[in-house]
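In: let's see this in three dimensions:
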Amino acid sequence: MIPLLAHLDDPVSRISAGTSATASTLLAVASAEPIQMLAGAVVAVLAPLLISAVNRWIDKRFQEVSLKASLAASEALVAQLKTELARREAAGDVPPTP
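Out: Residues are numbered from 1 along each chain as shown. I've put the predicted structure just below:
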């Protein structure tokens, strides 16, 4: 994980960070010129949406990597079990599999 975003690892921190950023943006908008107010309002609306989209993308990528690692570990275990079964069959410890 990116060290700067490490504190955003859980959903509560993400929501808290997004809410804090939105609140500070709204405070800045309250003391600004009209065009700045409009720009600030747009940022206040779009920032949480962008943060949410990025978080969903990161979560999806993490799940993909996690699933691929689990699959590789499972395949390695199956190969190890097949090798052990073949060794035991060769030694006569277990009857041959059909």
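
In: which parts of the protein are helices?
Out: 11-30, 34-91 (DSSP state H).

In: which strands and helices lie in contact with the longest one?
Out: Using 3 or more C-beta pairs under 8 Å, 6 or more residues apart in numbering; DSSP states H and E as the contact criterion, the secondary-structure elements in contact with helix 34-91 are helix 11-30. Every residue, glycine included, has its C-beta placed from N, CA and C.

In: what's the most buried one of the helices of the chain?
Out: helix 11-30 (a mean of 13; mean count of other C-beta atoms under 10 Å).

In: and the helices of the chain, which one is worst for confidence?
Out: Among those, helix 11-30 carries the lowest mean pLDDT, a mean of 58.

In: next one, pLDDT for Ala4 please.
Out: Actually, residue 4 is Leu rather than Ala. At Leu4, pLDDT is 48.

In: correction: the previous question concerned Glu33.
Out: pLDDT at Glu33 comes out at 74.

In: for it, grab the count of nearby residues.
Out: Residues within reach of Glu33, counting by other C-beta atoms under 10 Å, total 9.

In: where's it relative to Gly40, distance?
Out: From Glu33 across to Gly40, the span is 10 Å (C-beta to C-beta, to the nearest Å).

In: same deal with Lys60?
Out: Distance of Lys60 to Gly40, given as C-beta to C-beta: 31 Å.

In: give me phi/psi at the closest residue in space to Arg88 that isn't next to it in sequence?
Out: Residue nearest to Arg88 in three dimensions, not counting chain neighbours: Val94, with 4.8 Å by C-beta to C-beta, 6 or more residues apart in numbering. Here is the backbone geometry of Val94 (degrees, to the nearest 10): phi -130, psi 150.
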